[in-house]
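Colleague: Sequence first, predicted model second:
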Amino acid sequence: MPIYEYVCENCSKKFEMIRPINEADKAAGCPDCHSTHTHRAVSKCFSKGDGLTVSSGSGGCHSCTGGSCAHCGH
């Protein structure tokens, strides 16, 4: 299943969620404030299928090149 990034409109928390493709655009509950006023964000990272994440940004950790990395938070 794909990993999607969301942003909470209530507290501005950015978070990820694993969910089926047909549920990608449904509101997701914020893990911090539990609000369902969230929207799907455009991800800068994507999986190459080999366990590594690639990003369009710069900097970051060993598994990405920056952007919005779940591993290092950059």
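Modeller: Nice, I can see it. Numbering: from 1, shown residues only.
Colleague: from here on, contacts and neighbour counts on C-alpha atoms
Modeller: OK.
Colleague: Report the residue ranges of every domain in the chain.
Modeller: The chain is divided into the following domains under automatic domain parsing: 3-42, 44-74.
Colleague: worst average pLDDT in these?
Modeller: In terms of mean pLDDT, the lowest-scoring of these is domain 44-74 (a mean of 53).
Colleague: Could you work out the end-to-end span of stretch 5-15 for me?
Modeller: Separation of the first and last residues of stretch 5-15 by Cα to Cα, to the nearest Å is 6 Å.
Colleague: neighbouring contacts of that stretch?
Modeller: Stretch 5-15 is contacted by residues 16-17, 28, 30-33, 35-43 when judged by Cα atoms under 8 Å, 6 or more residues apart in numbering.
Colleague: What of stretch 16-32?
Modeller: 1-6, 8, 13, 15, 35-40, 70.
Colleague: One more pass at 10 Å, please.
Modeller: The set of residues external to stretch 16-32 that reach it, using Cα atoms under 10 Å, 6 or more residues apart in numbering, is 1-15, 34-41, 43, 70.
Colleague: Now do the buried residues in it.
Modeller: Of the residues in stretch 16-32, 16-17, 24, 27-30 count as buried by neighbour count, 16 or more other Cα atoms under 10 Å.
Colleague: ok, now stretch 29-43?
Modeller: Neighbour counts over stretch 29-43 (16+ other Cα under 10 Å) mark 29-30, 38-40, 43 as buried.
Colleague: now the strands for the protein?
Modeller: Secondary structure of the chain (DSSP state E): strands at 3-8, 14-18, 38-40, 45-47, 53-55.
Colleague: can you give me the angle the second one makes with strand 3-8?
Modeller: Inter-element angle recorded for strand 14-18 and strand 3-8: 140 degrees (by axes from the mean of the first three to the mean of the last three Cα atoms, to 10 degrees).
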